[in-house]
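*Asks:* Generate coordinates for the sequence data below:
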Amino acid sequence: MAEQNQDLRPEEVEAVVELFFDTIAERLADGGRVELRGFGAFSTRERAPRAGRNPRTGETVDVPAKRVPFFKAGKELREGLNEAKSAASRKAAEEGSWDLPPQRMAQAGSRA
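*Replies:* As a prediction, this is how the structure comes out:
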């Protein structure tokens, strides 16, 4: 980000990024939702109380209910990732750089 905004000092870029993430965290802490069009949405989900297990001792422990952050990718982000993955898959198949069984290589090559 600093490279693309040469007019900003690195400290200013860092302050903007910190403010951005702090604002998202505050909104989620208040029970809100943050949507970034074309990218995705941040929200929270409730986790019910449950019985857990201490991995060291194997002892059963009660895990209380809690809220956890959740991210759902937007349509544009998903489509962009899948297009990039498809292009990379086609290129790798053409170059023969995959260590896949011959059947999978044939399937990957047929998509090119």
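*Asks:* ranges for the strands of the chain?
*Replies:* Per DSSP state E, the chain carries strands over the ranges 34-36, 40-47, 50-53, 60-63, 66-73.
*Asks:* Can you convert these into JSON lines and add a column each for mean pLDDT, mean neighbour count and distance to residue 7?
*Replies:* Where you see a C-beta, it was placed from the backbone N, CA and C, and this is true even at glycine. JSON lines is the format used below for those (pLDDT from 0 to 100; neighbours: other Cβ atoms under 10 Å; distance: least, Cβ to Cβ, whole Å):
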{"stretch": "strand 34-36", "mean pLDDT": "95", "mean neighbour count": "13", "distance to residue 7": "24"}
{"stretch": "strand 40-47", "mean pLDDT": "96", "mean neighbour count": "14", "distance to residue 7": "29"}
{"stretch": "strand 50-53", "mean pLDDT": "96", "mean neighbour count": "10", "distance to residue 7": "51"}
{"stretch": "strand 60-63", "mean pLDDT": "96", "mean neighbour count": "10", "distance to residue 7": "49"}
{"stretch": "strand 66-73", "mean pLDDT": "95", "mean neighbour count": "12", "distance to residue 7": "31"}
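*Asks:* With distance to residue 91 as extra columns, can I get those in CSV?
*Replies:* Converted to CSV, the strands of the chain look like this (distance: least, Cβ to Cβ, whole Å):
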stretch, distance to residue 91
strand 34-36, 29
strand 40-47, 27
strand 50-53, 44
strand 60-63, 45
strand 66-73, 23
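*Asks:* among these, which is nearest residue 16?
*Replies:* strand 34-36 (15.0 Å; Cβ to Cβ).
*Asks:* Pull the residues that contact the closest one.
*Replies:* Identification of contacts with strand 34-36 by Cβ atoms under 8 Å, 6 or more residues apart in numbering yields 23, 24, 27, 28, 41, 42, 43, 74.
*Asks:* coming back round to it: which of the strands of the chain sits closest to residue 81?
*Replies:* Of all the strands of the chain, it is strand 66-73 that lies closest to residue 81, at 7.8 Å by Cβ to Cβ.
*Asks:* What is the closest one packed up against?
*Replies:* Counting contacts by 3 or more Cβ pairs under 8 Å, 6 or more residues apart in numbering; DSSP states H and E, strand 66-73 packs against strand 40-47.
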